[in-house]
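Trainee: just the structure for this:
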Amino acid sequence: IFFGDSTGIPDTWKGSIEDAVRYGVAWPRFEMSPWITVMSQVTAHLGFGLTYASTFMHPFYTARLLNSLDHITNGRIAFNVITSQRRADYANYGYDELVDHNERYERLEEFIDVCRALWTSVAPDAFVWDRKSGTVADPQKVHAINHAGKFFKVKGPLSVVPSPQVQPVIIQAGGSPRGTRAAAHVADHV
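Mentor: As a prediction, the model looks like this:
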């Protein structure tokens with residue numbers, strides 16, 4: 001099940017949200033991660049594609065959230081990473097204007113690079129759970145990522161057990177020339 005998402009009510013028709021509200025255009029929309037958690041408990045073979053905008057989210061939080069959801073769903077999470085081009089979404093995150101088109105995709109690429117580094121910052125065999133010695137994990141298999149880029153600064157490592165898939169399936173649907181390049185850089189599925 002794929003859940004596209006946006007966080008603002010469209011106001012592009014007649015400069016108002018009135019028709020979007022009246023006719024349910026991209027509204028209302030729930031945050032789907034709690035719903036996915038519930039659905040995963042009553043299904044076994046269903047995958048879940050969750051959408052977040054890299055423009056508004058932080059990679060550490062997102063990597064941690066998706067890792068947790070991947071555990072809850074037994075490895076059935078996919079991440080549709082978008083940049084968002086809707087002014088209504090931007091307004092809800094404190095922006096007065098859209099971020100430049102190419103810059104949004106630069107941020108998306110760095111965002112996914114940081115997420116991937118975090119998802120692999122703890123080796124799959126790091127956790128030993130030895131009751132006798134009291135050892136939870138091997139510190140030699142847990143590494144900071146020390147990322148300092150144009151958009152993000154993240155020390156790491158990720159503070160969770162590695163997920164069943166190592167990382168979720170990454171979905172991206174950039175259609176512009178710059179978006180297509182970003183999709184080629186980050187996506188498992190376009």
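
Trainee: remind me, longest helix of this structure?
Mentor: helix 101-119 (DSSP state H).

Trainee: for that one, packing partners?
Mentor: Counting contacts by 3 or more C-beta pairs under 8 Å, 6 or more residues apart in numbering; DSSP states H and E, helix 101-119 packs against helix 59-72, strand 77-82, strand 147-148, strand 153-154, helix 177-186. Backbone N, C-alpha and C define where each C-beta goes, glycine included.

Trainee: now with 10 Å?
Mentor: strand 48-53, helix 59-72, strand 77-82, strand 147-148, strand 153-154, strand 169-171, helix 177-186 (3 or more C-beta pairs under 10 Å, 6 or more residues apart in numbering; DSSP states H and E).

Trainee: can you say which of these is packed in most?
Mentor: Most buried of the helices and strands packed on helix 101-119, by mean neighbour count (mean count of other C-beta atoms under 10 Å): strand 77-82, with a mean of 24.

Trainee: that one pairs with which strands, parallel or anti?
Mentor: As defined by DSSP bridges, the strand partners of strand 77-82 come to strand 48-53 (parallel), strand 169-171 (parallel).

Trainee: quick one: least confident helix or strand in the chain?
Mentor: Least confident helix or strand of the chain, by mean pLDDT, DSSP states H and E, is helix 87-92 with a mean of 88.

Trainee: please point out which parts of that one sit buried.
Mentor: R87, A88, D89, Y90 (16 or more other C-beta atoms under 10 Å).

Trainee: and it, how far from the chain's centre?
Mentor: Taking C-alpha atoms, centre = their mean, to the nearest Å, one finds helix 87-92 lying 18 Å from the centre of the chain it belongs to.
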